[in-house]
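J.: Structural data only, the sequence is not supplied:
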């Protein structure tokens, strides 16, 4: 049964190639197949014991993925949020994007009681068309004793 199907398919393709012409058939395949595979680009690679651990951002096609940014200094949620958003903006600019091109943000709070104050510092930072957002409080806190960590996905 399988060999019979293969035989039928071979005959079908052979007759199509004969009608269309081998050059046209190969051109059609070339148009469907991409010329070159997209390449992943990374920036600001963080090393751990001389081994790459993670990147500050990763670019793929026209997308940029920015790693979570935190604030590792004494301060309140307002100061931490402003600092983190400034760091996100710097990383986006390095990657060839901007705050206005952010499509999605994830916000990780040390304490959900900081939600209102974080929103006050956050509002207006992404232009008139803000990205969609997920906000969660993290059990055990944000790494590095930051009160907030934010990552994002943008286009270039």
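T.: Structure received. Computed from a predicted model, the values in this text were never measured in an experiment. Residues are numbered from 1 along each chain as shown.
J.: Which strand residues bridge the residue nearest to residue 132 when sequence neighbours are not counted?
T.: By the measure of C-beta to C-beta, 6 or more residues apart in numbering, the closest residue to residue 132 outside its immediate chain neighbours is residue 104, 5.5 Å from it. Every C-beta, even on glycine, is put in place using the N, C-alpha and C of the backbone. Per DSSP bridges, residues listed as beta-bridge partners of residue 104: residue 132, residue 153.
J.: Please work out how many residues are found near residue 104.
T.: Neighbourhood size, residue 104 [other C-beta atoms under 10 Å]: 13.
J.: go on, residue 148?
T.: Residue 148 is flanked by 29 other residues according to other C-beta under 10 Å.
J.: surely it meets residue 82?
T.: No. Applying C-beta atoms under 8 Å as the test, residue 148 and residue 82 come out as separate, 9.9 Å apart.
J.: Run through this structure and note the low-pLDDT ranges.
T.: In the predicted model of the chain, residues 1-35 satisfy pLDDT under 70.
J.: Tell me where it has helices.
T.: Using DSSP state H, the helices of the chain run over 2-20, 22-32, 77-94, 115-122.
J.: one step back: what's near enough to touch the residue nearest to residue 132?
T.: If a contact means C-beta atoms under 8 Å, 6 or more residues apart in numbering, then residue 104 has 131-134, 152-153 as its contacts.
J.: quick one: which of those residues is nearest to residue 44?
T.: Within the contacts of residue 104, distances to residue 44 taken as C-beta to C-beta reach their minimum at residue 152, with 14.6 Å.
J.: what about the closest one, how many neighbours?
T.: Burial of residue 152 is recorded as 28 neighbouring residues (other C-beta under 10 Å).
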